[in-house]
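> Build the 3D model from these lines:
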Amino acid sequence: MGGVILRCTAKVLALLDLRPVADVEPGDDDFYANLLWIERRKCLILTHAATMFPVFVPDVRKADVTPFGPWVGDQLQAALADEMLDPGVLGDLDPRDTVVARTASRRTLGFMNDMAKTVEWSIISHGGLASCDVRRLNRSLRRHLHTRDGGYATAMDLVGERDGGVGPFPRRT
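Numbers count the residues shown, from 1 in each chain. Model prediction:
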């Protein structure tokens, strides 16, 4: 199956009135979407399953993210461009071929919950959502060290490995 597979939490499905497709086999290039409430504002975190490459988007409105597939594609392409990465490094991001499915990985959800706490802490420490530099926060999240397959890596390390390089930082084991 080509295109983007968006694995949405129940909160995202309810917010956007989306119906997931049944029985979509999990894959490394799936993206997960989770809804956070920060300062009574809806925020989304998108995460690539294999690399844990995150995209945090604050203050979203349903009208802004509908249709969801093209909006997600735009957010992901912008994040990759911001990091000067190849647009295809995370798989086929064609929004015309988007499938919405239920979440399938507790590990990815656990990582996203940890990331949500990091986002909340960062926003509080910067004086609130209005004064937070979202670009800087996203870049920091992508360089946040986490355990992966018995070692330590950042999302940028893992994306760099897929991009034919060794990542911007040496991998710690």
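> for the least confident helix or strand in the chain by mean pLDDT, the distance to its chain's centre please.
Averaged element by element with mean pLDDT, DSSP states H and E, the chain has its least confident helix or strand at strand 146-148 (a mean of 77). Distance of strand 146-148 from the chain centroid (Cα atoms, centre = their mean, to the nearest Å) equals 16 Å.
> Sheet-wise, list the partners of it with their directions.
If you go by DSSP bridges, strand 146-148 pairs up with strand 151-153 (antiparallel).
> for the following helix or strand past the partner strand, packing partners?
Counting by DSSP states H and E, the next helix or strand C-terminal to strand 151-153 is helix 155-162. Applying 3 or more Cβ pairs under 8 Å, 6 or more residues apart in numbering; DSSP states H and E, we find helix 155-162 packed against no helix or strand. Yep, even glycine has a C-beta here, placed from its N, CA and C like the rest.
> re the thing from before, so what touches the least confident helix or strand of the chain?
52, 111, 114, 152, 153, 154, 158 (Cβ atoms under 8 Å, 6 or more residues apart in numbering).
> Buried residues of it, list them for me.
residue 148 (16 or more other Cβ atoms under 10 Å).
> Under the pLDDT cut-off, which ranges of the protein? List them.
Low-confidence segments of the chain (pLDDT under 70): 1-2, 163-173.
> ok, which stretches of it are strands?
With DSSP state E as the criterion, the chain has strands at 4-8, 31-38, 41-48, 54-57, 98-102, 146-148, 151-153.
> Could I have the CA atoms of the first one written out in PDB?
The C-alpha coordinates for strand 4-8 follow below in PDB (Å, rounded to 0.1, in the frame of the first residue of the first chain):
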ATOM      1  CA  VAL A   4       0.600   7.900   3.900                       C
ATOM      2  CA  ILE A   5      -0.800   5.700   6.600                       C
ATOM      3  CA  LEU A   6      -2.000   7.900   9.500                       C
ATOM      4  CA  ARG A   7      -2.500   6.000  12.700                       C
ATOM      5  CA  CYS A   8      -4.700   8.300  14.800                       C
END
